[in-house]
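In: Please work out how this folds:
(chains A and B)
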2 protein chains.
Amino acid sequence: MPDVIPDNSVGIVTPQVIQFDDPLTLACGRTLDQYQLVIETYGELNADASNAILICHALSGHHHAAGYHSMEDKKPGWWDNHIGPGKPFDTNRFFVVCLNNLGGCHGSTGPTSINPQTGQPWGPDFPALRVRDWVESQVRLSDRLGIQQWAAIVGGSLGGMQVMRWSLEHPHRLRHAIIIASAMKLSAQNIAFNEIARNAIKSDPDFLDGHYLEHQALPRNGLGLARMIGHITYLSDEIMGDKFGRELRSGSFQRGQDTPIEFQVESYLHYQGDVFASAFDANTYLLMTKALDYFDLAREYNHDQVEAFRHAQCDFLVVSFSSDWRFAPERSREIVEALIAANKNVSYAAIQSNLGHDAFLLPNERYEQVLSAYLTRLDNEVAAP
Amino acid sequence: MPDVIPDNSVGIVTPQVIQFDDPLTLACGRTLDQYQLVIETYGELNADASNAILICHALSGHHHAAGYHSMEDKKPGWWDNHIGPGKPFDTNRFFVVCLNNLGGCHGSTGPTSINPQTGQPWGPDFPALRVRDWVESQVRLSDRLGIQQWAAIVGGSLGGMQVMRWSLEHPHRLRHAIIIASAMKLSAQNIAFNEIARNAIKSDPDFLDGHYLEHQALPRNGLGLARMIGHITYLSDEIMGDKFGRELRSGSFQRGQDTPIEFQVESYLHYQGDVFASAFDANTYLLMTKALDYFDLAREYNHDQVEAFRHAQCDFLVVSFSSDWRFAPERSREIVEALIAANKNVSYAAIQSNLGHDAFLLPNERYEQVLSAYLTRLDNEVAAP
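Out: Residues are numbered from 1 along each chain as shown, chains lettered A, B, ... in the order given. Reported below is the predicted structural model:
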């Protein structure tokens, strides 16, 4: 909670809910007749709407990327270190938009919303979504905001997959694609970790086949476990060692029977799991991990990633982090290689970090310098707001 | 199931149960008044009992390391590729002993055994065990077998921790220590994976605070989840990719709603989890992972690993596998460095393998050559049986 809002903060921000009444047919074949997206915007759109940047969130993200909702907020938005006056996504120059994706649980239509046909929460009956569905809903959001072409679309992890899909399916609607700690498709290991997380949720007796909300239940244990699994894999072995080592919670080895939680790292994981289980919806978690697993950039392009990227018209920045083993630098290099083979304009930054996959969310001077430097390239394309 | 027992197999083997009636005081301060250990032996002990090799098992291992229990067995023992006539642990020359550790669930006294004081299964009231307790019980087994000094004690992973503990606490009772894919202590990441696995078991409503056996229940889901987590982390990303890629179970992408299990890797993990949940005891899993987490070679040696190893008198062979990220080669090199600094005789083999931690259990020509070569050194120490 800031006593004073810092000078380089976007300050107090207010989310907006945007209603869409034109039916959206999804990749699964089902149609959402109407839906809402909750968004936040930072900075001002310029006269020719050429300075807009879209931020796509990752698995457990949402629309609140920067600033504070009130002076009582303990923490700013999740990418506050990147978004604000003088920051890489400089709100003195750019109009930055972030949304909660369809299927989310932070205000956009999703499994916790009321299904108008039943008057009950959608729950497990909410349609399965693919990354392309998110992109289509974001296209409609762009239309609504009067943004014909984004200066840049940016995302890390699952967000980076949305950026890549945009570049193929709507090549004229973005000038720059910034793809951070992402992959053209998940590895079997990644799918396996997601499946275990889903299984933990579904095995919780309070999951009730996904109908927990109707029964005032919450699969807290399962969702907590899912988060713990995710959390370990988003950190590097090194940073876990640095943060916790093998420190015992009591500060000393307990001779005798096991107490339930002994190592600091166990205590930390339980805390993370509990916090997440209170804040996130289990059906949304299932839906989002499935979208992540299914994403395969080139599935509809003869499984040829170079052929896929030939459709893109924008320039690309690809960023990876050295200790990220869930979306390893090798996956980013594969993107870069495919882009080069497709004859696209691509910059690649391999950032040194010991923070694992989470590095894309955390402060890192070099990372911020890379983003800032790349974004100054946009200066001569963009008029002042 | 072999039609004919192969020439280089130890053949049909029969486990033996050995009863101990001298109370064993454990590291936790509690005492087991009596207990049983189930063992298998392969080959013959020579006249001066100088050709005996002890195999220490890892987390989910047991005494059945080689050969077949009957002609109906589908698979031989878990280390059959290493143990037999002409194999690295050559049963023409060595007398090989493998036991199920105390606390196990394959015939040695453990949580599934009857607590004589209650007439009920021990369940969660079975005493907490440390690696040193296993070593003490193995010392008593050695006495019973008339083996004053083992030619070698061998183990992978948690088994390697037992080998190291033997070398410090009973330095005159082994001539060679073979430590495979192990570590002087677990990393925070390793502890975290174990804690999640334990949490999955404890969260299963059929766990009943560990008293499931008395209620004819089994925490199948939890134990299955625990195994899935372990299984992913014992494999390398590469081998999972080679084995499963992103193959869909049905062979093609299913447009439409999610079916429960779609990718081959998901199906495989569920199968592994189910098989394990039928064959292993949940309380034993909790107990063994806690022993693994607590192991810290130098805790009682001023946290000085070199000082600890100065107590050893045997020679050492340390083996690691390149793609093992759970017990990484770096952990083995730390053992080697500490042994060198303690002025011990140590050989180190860094084996190339894409099989992850599981490589220590699987066929690998170079690995077998290294073990064979090392064990020929013992020839001039050992008379024929």
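In: Wasn't residue A:154 part of a strand?
Out: Yes. According to DSSP: H, G, I helix; E, B strand; the rest coil, residue A:154 belongs to a strand.
In: Near the closest residue to residue A:61 other than its chain neighbours, how many other residues are there?
Out: Nearest residue to residue A:61, sequence neighbours excluded (C-beta to C-beta, 6 or more residues apart in numbering or on different chains): residue A:78, at 6.0 Å. C-betas here are computed from N, CA, C, even on glycine. By other C-beta atoms under 10 Å in any protein chain shown, 20 other residues sit near residue A:78.
In: you'd agree residue A:78 is up against residue A:60?
Out: No. Judged on C-beta atoms under 8 Å, residue A:78 makes no contact with residue A:60 at a distance of 9.2 Å.
In: Now the residue nearest to the spatial centre of chain A: phi and psi?
Out: Centroid check for chain A by C-alpha atoms, centre = their mean gives residue A:58 as the closest residue, at 1.3 Å. Reported as degrees, to the nearest 10, the phi and psi values for residue A:58 are phi -100, psi -160.
In: Do you know the pLDDT at it?
Out: As predicted, residue A:58 sits at a pLDDT of 97.
In: any idea how far residue A:161 is from it?
Out: Note on residue A:58: its distance to residue A:161, by C-beta to C-beta, to the nearest Å, is 9 Å.
In: Find the residues that touch each one of the two.
Out: Overlap of the contact sets of residue A:58 and residue A:161 (by C-beta atoms under 8 Å, 6 or more residues apart in numbering or on different chains) consists of residue A:155.
In: for the residue nearest to the centre of chain A, what are its contacts?
Out: Taking C-beta under 8 Å, 6+ apart, we find residue A:58 in contact with A:155, A:156, A:157, A:158, A:159, A:360.
In: where exactly do the helices run in chain A?
Out: Remark: helices assigned in chain A by DSSP state H are A:131-145, A:158-169, A:188-203, A:220-234, A:237-244, A:264-279, A:282-294, A:305-309, A:329-341, A:365-376.
In: Throw those helices into CSV and include mean pLDDT and distance to chain B, thanks.
Out: Below are those laid out as CSV (pLDDT from 0 to 100; distance: least, C-beta to the nearest C-beta, whole Å):
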stretch, mean pLDDT, distance to chain B
helix A:131-145, 98, 12
helix A:158-169, 98, 14
helix A:188-203, 94, 4
helix A:220-234, 94, 4
helix A:237-244, 88, 4
helix A:264-279, 90, 4
helix A:282-294, 96, 6
helix A:305-309, 98, 13
helix A:329-341, 98, 10
helix A:365-376, 96, 23
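In: Which of those helices sits closest to residue A:109?
Out: helix A:131-145 (9.3 Å; C-beta to C-beta).
In: what does that closest one contact?
Out: Contacts of helix A:131-145 (C-beta under 8 Å, 6+ apart): A:18, A:20, A:22, A:24, A:26-27, A:35, A:37, A:39, A:45, A:52, A:54, A:56, A:97, A:99, A:101-103, A:148, A:150, A:158, A:161-162, A:165-166, A:169-170, A:173, A:291, A:294-295.
In: just stretch A:273-280 next, same as before
Out: By C-beta under 8 Å, 6+ apart, the surrounding residues in contact with stretch A:273-280 are A:60, A:105, A:218, A:219, A:220, A:221, A:223, A:224, A:225, A:227, A:228, A:231.
In: Find me whatever residue is spatially closest to the last one, sequence neighbours aside.
Out: This points to residue A:231. residue A:272 (5.2 Å).
In: and residue A:19, what does it touch?
Out: Residue A:19 sits next to A:34, A:36 when contact means C-beta under 8 Å, 6+ apart.
In: for residue A:15, that is, sorry about that
Out: A:38, A:39, A:40, A:63, A:64, A:69, A:107.
In: May I see those residues organised as JSON lines, with distance to residue B:73 added?
Out: Formatted as JSON lines, those follow (distance: C-beta to C-beta, whole Å):
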{"residue": "A:38", "distance to residue B:73": "60"}
{"residue": "A:39", "distance to residue B:73": "63"}
{"residue": "A:40", "distance to residue B:73": "63"}
{"residue": "A:63", "distance to residue B:73": "59"}
{"residue": "A:64", "distance to residue B:73": "59"}
{"residue": "A:69", "distance to residue B:73": "64"}
{"residue": "A:107", "distance to residue B:73": "59"}
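In: Out of these, flag the one nearest to chain B.
Out: Nearest to chain B among the contacts of residue A:15: residue A:107, at 23.9 Å, using C-beta to the nearest C-beta.
In: Leaving out the residues flanking it, which one is nearest to residue A:60?
Out: residue A:280 (6.1 Å).
In: From chain B, how far out is residue A:176?
Out: 29 Å (C-beta to the nearest C-beta, to the nearest Å).
In: still on that earlier bit, filter the contacts of helix A:131-145 to the buried ones?
Out: Buried members of the contacts of helix A:131-145, scored by 16 or more other C-beta atoms under 10 Å in any protein chain shown, are A:20, A:24, A:26-27, A:35, A:37, A:39, A:45, A:52, A:54, A:56, A:97, A:99, A:101-103, A:150, A:158, A:161-162, A:165-166, A:170, A:173, A:291, A:294-295.
In: Which ones among the contacts of helix A:131-145 map onto strands?
Out: Counting by DSSP state E, the contacts of helix A:131-145 place A:18, A:20, A:24, A:35, A:37, A:39, A:52, A:54, A:56, A:97, A:99 in strands.
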